[in-house]
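In: Structure, please.
(chains A and B)
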Amino acid sequence: MNSLRGGGEMRINPSHAVRMSKYFLPVLRETPQEAQTLSHRYMLRAGMIRQASAGIYSWLPLGFRVLKKIEQIVREEQDRAGAQELLMPTIQPSEIWKKSGRYEDYGKEMLRVKDRHNREMLYGPTNEELITEIFGNDLRSYRDVPKILYHIQWKFRDEVRPRYGVMRGREFYMKDAYSFDISPEAGRLSYNKMFVSYLRSFARMGLKAIPMKADAGPIGGNLSHEFIILAETGESEVFCHSDYIDLDALKDEAEYDGDLQPIIDRWTKRYAATDEIHDEEKFHREVPVNRRVCARGIEIGHIFFFGTKYSEALGAIVDLADGGEKALEMGSYGIGISRLVGGIIEASHDANGIIWPESVAPFHVGLVNLRQGDGACDKVAESIFSKVASLGSDIIYDDRTERAGAKFATMDLIGVPYQVIIGPKVVERNVIEVKNRKTGKSEEMSHDAFFNLLKA
RNA sequence: CGGGGCGUGGCGCAGUCUGGUAGCGCAUUCGACUGGGGGUCGAAAGGUCGUAGGUUCAAGUCCUACCGCCCCGACCA
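Out: Here you go, the predicted structure:
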């Protein structure tokens, strides 16, 4: 339940225990007319985000907590795979983009600005140029590679038509990693590390992400996979073997220094493709009728190996042992962090609201005091509140003087995995009632039994 | 960027066709009753009707221009 404890220094809010009466949680009973997509509606109603402009959002406390939890999982799994975190700016100079040729190619999607000296700048839509320049400037030897660097930063693409709330905003939060290797073969090893890291990251978020062969697109290159989660509201059509639905990415501990190819093979041997490169004939040939999955999917990650396109243009060239020199072989690996918040909701909800997987839930426990102001109930609720907080679990305490129905509706909407319900009936018998948001089932237990559950 | 739709208290909407004192539900504030799934009654506060210009004795309503937002398509993490 609290497996994510220990984010340690990256914590943004040291207090994981909040009182709803004091918390900024502007929930909406009705759906704002601007939102059509389910996750967008729930995010607005649950007080997670507010729109500033088309495709640009403010993240309110509840939404911000989820965003940071997802970010932290991605960070831990990138680090585990041996990638190193750095931070590049949002605003970039135009020069490096002119060198790669993408200043023209990117077109109107690139937000261009001029500074006071009339210099052409841009709000970064991605970072291949910048990272390649950084790397190329300071590394000169084949001994300096392999390396994988990543950062987690806001980006901006001036989409013609932003939609689906945070799933396709103009401003979005993204993890992108870049690998540098001496040869295509070595690059493949880096690619595999990121591949496995992605499987683990998404699995930890409670998602069944399926790697699908993808078109590398304008970014160039030939080795590429998209990671797709299935959801009715998905933006593209996908086709795969049903075996993928049952694969468990966390089953085997990844040995990043060892051979990852068997894991990759296991995850790529069956048919899986997005509509862009879907081959109906091959699909029918390789997948039995009863195992064919045709569904809609949301892309939450994309990995590419593209070789020397940017290293040549921007001079990321190193000396070789034999005296020659070589442009580095590169790959880039993205995860849409802000998009994932919407994506997880699309994959996990019911008619009452969001159902957060425990690992990304803004709070693990929602404490509901049905009789706020009643001495006995208040006393029990307060003691549970402070005890849960001291155990390190995130808890939100609904201490408002609302009616039972309103409190349940709010907890269901914001999707807290466990609701602890305190009322006169249970207080009298010195037990508590714990409701599981996902199953809807509730059971009575002693206080200690519940605390032990949290410690487990 | 092509096609469609919508802008009226915080949110959801009516009123626009047919011009004549800006309304309803929810939320908010106060009081009372209530108290395990968004309860009831009473009182109160809150609106330049997206913006600008025009027609008219009179514009939320008619005309023109602009801005913003949403949906379908093309495009994308």
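In: need the contact list for the nearest residue to A:Gln419 once chain neighbours are set aside.
Out: Spatially, and ignoring its direct neighbours in sequence, A:Gln419 is nearest to A:Lys435 (4.2 Å; C-beta to C-beta, 6 or more residues apart in numbering). C-beta: built from backbone N, CA, C; applies to glycine. Neighbour list for A:Lys435: A:Tyr418, A:Gln419, A:Val420, A:Ile421, A:Lys441, A:Ser442 [criterion: C-beta atoms under 8 Å, 6 or more residues apart in numbering].
In: contacts with RNA strand B among those, please.
Out: Residues of the contacts of A:Lys435 in contact with RNA strand B (C-beta under 7 Å from any atom of the strand): A:Ile421, A:Ser442.
In: domain ranges for chain A?
Out: A:21-354, A:363-455 (automatic domain parsing).
In: would TSV of these with mean pLDDT be doable?
Out: TSV is the format used below for the domains of chain A (pLDDT from 0 to 100):
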stretch	mean pLDDT
domain A:21-354	93
domain A:363-455	96
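In: hmm, back to that, mind putting the contacts of A:Lys435 into CSV with secondary structure and neighbour count?
Out: What follows is these, written out as CSV (DSSP: H, G, I helix; E, B strand; the rest coil; neighbours: other C-beta atoms under 10 Å):
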residue, secondary structure, neighbour count
A:Tyr418, strand, 25
A:Gln419, strand, 20
A:Val420, strand, 26
A:Ile421, strand, 23
A:Lys441, coil, 9
A:Ser442, strand, 13
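In: Which residues of the stretch 51-200 of chain A lie near RNA strand B?
Out: Counting by C-beta under 7 Å from any atom of the strand, the stretch 51-200 of chain A sits next to RNA strand B at A:51, A:53-55, A:157, A:159-164, A:167-170, A:172, A:174.
In: Which among the residues you listed count as buried?
Out: A:Gln51, A:Gly55, A:Arg157, A:Pro162, A:Tyr164, A:Met167, A:Arg168, A:Gly169, A:Arg170, A:Phe172, A:Met174 (16 or more other C-beta atoms under 10 Å).
In: quick one: which of the residues you listed is nearest to RNA strand B?
Out: Among these, A:Phe172 lies closest to RNA strand B (C-beta to the nearest atom of the strand), at 3.3 Å.
In: Contacts only, for that closest one.
Out: A:Phe172 sits next to A:Trp154, A:Lys155, A:Phe156, A:Arg157, A:Val166, A:Gly336, A:Ile337, A:Ser338, A:Arg339 when contact means C-beta under 8 Å, 6+ apart.
In: With respect to A:Ser393, which of the residues you listed is nearest?
Out: A:Ile337 (23.5 Å; C-beta to C-beta).
In: For the nearest residue to the closest one once chain neighbours are set aside, list each beta-bridge partner.
Out: Leaving aside its sequence neighbours, A:Ile337 sits nearest to A:Tyr173 (C-beta to C-beta, 6+ apart; 4.4 Å). Per DSSP bridges, the residues bridged to A:Tyr173 are A:Trp154.
In: got the residue ranges for the strands in the stretch 351-456 of chain A?
Out: Along the stretch 351-456 of chain A, the segments classed as strands by DSSP state E, counting those that start in this stretch run A:353-354, A:365-369, A:395-398, A:418-422, A:432-436, A:442-445.
In: Relative to A:Ile148, which of those is closest?
Out: So among the strands of the stretch 351-456 of chain A, strand A:353-354 is nearest, using C-beta to C-beta, at 33.3 Å.
In: Give the other helices and strands that the closest one contacts.
Out: helix A:38-45, helix A:404-414 (3 or more C-beta pairs under 8 Å, 6 or more residues apart in numbering; DSSP states H and E).
In: closest point of chain A to RNA strand B, which residue?
Out: A:Gly405 (2.3 Å).
In: Neighbours of that residue, how many?
Out: The tally of other residues near A:Gly405 (other C-beta atoms under 10 Å) stands at 8.
In: same deal with the one 4 residues further on?
Out: Other residues within reach of A:Ala409, judged by other C-beta under 10 Å, total 16.
In: Quick one: residues contacting it.
Out: Per C-beta under 8 Å, 6+ apart, neighbours of A:Ala409: A:Asn352.
In: Kindly report the same for A:Ser201.
Out: Residues in contact with A:Ser201 (C-beta under 8 Å, 6+ apart) are A:Ile73, A:Val74, A:Glu77, A:Gln78, A:Gly301, A:Ile335.
In: doesn't A:Gly47 fall inside a strand?
Out: No: using DSSP: H, G, I helix; E, B strand; the rest coil, the assignment for A:Gly47 is coil, not a strand.
In: residue ranges of the helices in the stretch 51-200 of chain A, please?
Out: A:61-80, A:95-100, A:102-105, A:128-138, A:184-204 (DSSP state H, counting those that start in this stretch).
In: Pull out the buried positions in the third one.
Out: When you say that, I think you mean helix A:102-105. Within helix A:102-105, the residues that count as buried by 16+ other C-beta under 10 Å are A:Arg102, A:Tyr103.
In: Quick one: distance of it to the chain centre.
Out: Relative to the centre of its chain, helix A:102-105 is centred 29 Å away, using C-alpha atoms, centre = their mean, to the nearest Å.
In: That helix packs against which elements?
Out: Packed next to helix A:102-105, using 3+ C-beta pairs under 8 Å, 6+ apart, is no helix or strand.
In: contacting residues around that helix?
Out: So helix A:102-105 is contacted by A:Ser94, A:Trp97, A:Met110, A:Glu129, A:Pro218 (C-beta under 8 Å, 6+ apart).
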